[in-house]
Each structure stands twice: as C-alpha cells, then as structure tokens.
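*Asks:* okay, here's the prediction I keep looking at, along with the sequence it came from:
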Amino acid sequence: MAEFLTDIETIRKRARQEIDKGPITDAYGADLERVLQVLNEALATEIVCTLRYKRHYYTASGLYSEPVAAEFLEHAAEEQQHADKLAQRIVQLGGEPDFDPDTLTKRSHAQYDASADLIDMIKEDLVAERIAIASYTEIAKWLGDDDPTTRRVFEDLLAQEEEHADDMRGLLERLPHDTKS
C-alpha cells in the first residue's frame, strides 16, 4: 500500500487556506475553467435531449406510437436528471450553469429534431444517444485522475446513455418500418 505523500498536519493546514474555494484544493489537477466549459456543453446537450424527447413524446402518432411515446417520456425525465446532476457539479466547482436558451443548441453536442415520422424520431434519438456516448467517453478519459468526481458524473451519465441507445435500437428492431399504417 502506498503511503501518503503529504503528512496530515500539512493537509490540515492546506484545508484551512483558501477555504473560499470549497472542494477545489491543491490536489485538484484539472483545468477548472475548461472543465466548467465542458460541463456547460454537456448541460446544454442534456437540455436539448430533454426537449427533443419531450417533442417526440407529444407528437408521436400512429398504430405503434403508444409504447414508443412512453419510452420517449421516460428518457426525457432521465435526461432532465442528467442536466440537474451537471448543473449541481458546475455549482460545486464554483461555476455557473448556463441555461441561456439563445445558445443552447450552439453549445449542445446533440441536435434538436422535429421529425414527424415515428421511425425517424427513434433514429434521431439513437443518433443523439450515440453522440452523447462518444462525447462522454472522451470526456471521462480526458478527466482521468485530474478530477475523479466529475469523471464519475460522466461515467454515470454514460451508463444511462448506453441504456437509452440500446432502448432505441431495440425499438427500431421491433417496429415495422412502415409505421404510418
């Protein structure tokens, strides 16, 4: 087992210094400003995903729409929870969550979609989930050990985004591709 690099008295002394920084200590190894920017981009992504799933929920129609719409609504609620977790982490790190509607789609990794066809809705949601998976995987690797708490936030989101992608793929496999009848 490795020993502490710093004696406990030094750790205690450092904890009292710069107390206004909250959880950010000398041990924090990431570029805080860049981490806050990335978190705000992910926040925008989750908000856009929430809105896209909500639109799809309300506009899904056709013979097979009821179970698909229920899945859209469930995902919308989970994407909102993701946004909340990201906003909380931004505040923990001393930043300000950016909810500005004028710039949401510019900052979001995923795109908004207004498809009318049920299959197209599912495909667009699957594409958005795949974008989130790729982005969050890269972010988690980038954070590494420099900010393990934020990395874990992204790893938790990543696990649920993978579930969402699997759900969308499953819907595509089960639905007939002519959903207008």
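*Replies:* In hand now; what should we look at?
*Asks:* show me which positions of the helix or strand harbouring residue 66 end up buried.
*Replies:* Assigned by DSSP states H and E, residue 66 falls within helix 65-92. Using 16 or more other CB atoms under 10 Å as the test for burial, helix 65-92 gives 65, 68-69, 71-73, 75-76, 78-80, 82-83, 85-87, 89-90. Backbone N, C-alpha and C define where each C-beta goes, glycine included.
*Asks:* would you map the helices across the protein?
*Replies:* Secondary structure of the chain (DSSP state H): helices at 8-16, 32-59, 65-92, 104-107, 118-143, 148-174.
*Asks:* got TSV for those, with mean pLDDT too?
*Replies:* Shown next, in TSV, are these (pLDDT from 0 to 100):
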stretch	mean pLDDT
helix 8-16	75
helix 32-59	97
helix 65-92	97
helix 104-107	96
helix 118-143	97
helix 148-174	97
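*Asks:* what about those, which gets the closest to residue 24?
*Replies:* helix 32-59 (6.7 Å; CB to CB).
*Asks:* can you name every helix or strand that the closest one contacts?
*Replies:* helix 65-92, helix 104-107, helix 118-143, helix 148-174 (3 or more CB pairs under 8 Å, 6 or more residues apart in numbering; DSSP states H and E).
*Asks:* make JSON lines out of the ones you listed and add distance to residue 39.
*Replies:* JSON lines is the format used below for those (distance: least, CB to CB, whole Å):
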{"stretch": "helix 65-92", "distance to residue 39": "5"}
{"stretch": "helix 104-107", "distance to residue 39": "11"}
{"stretch": "helix 118-143", "distance to residue 39": "9"}
{"stretch": "helix 148-174", "distance to residue 39": "7"}
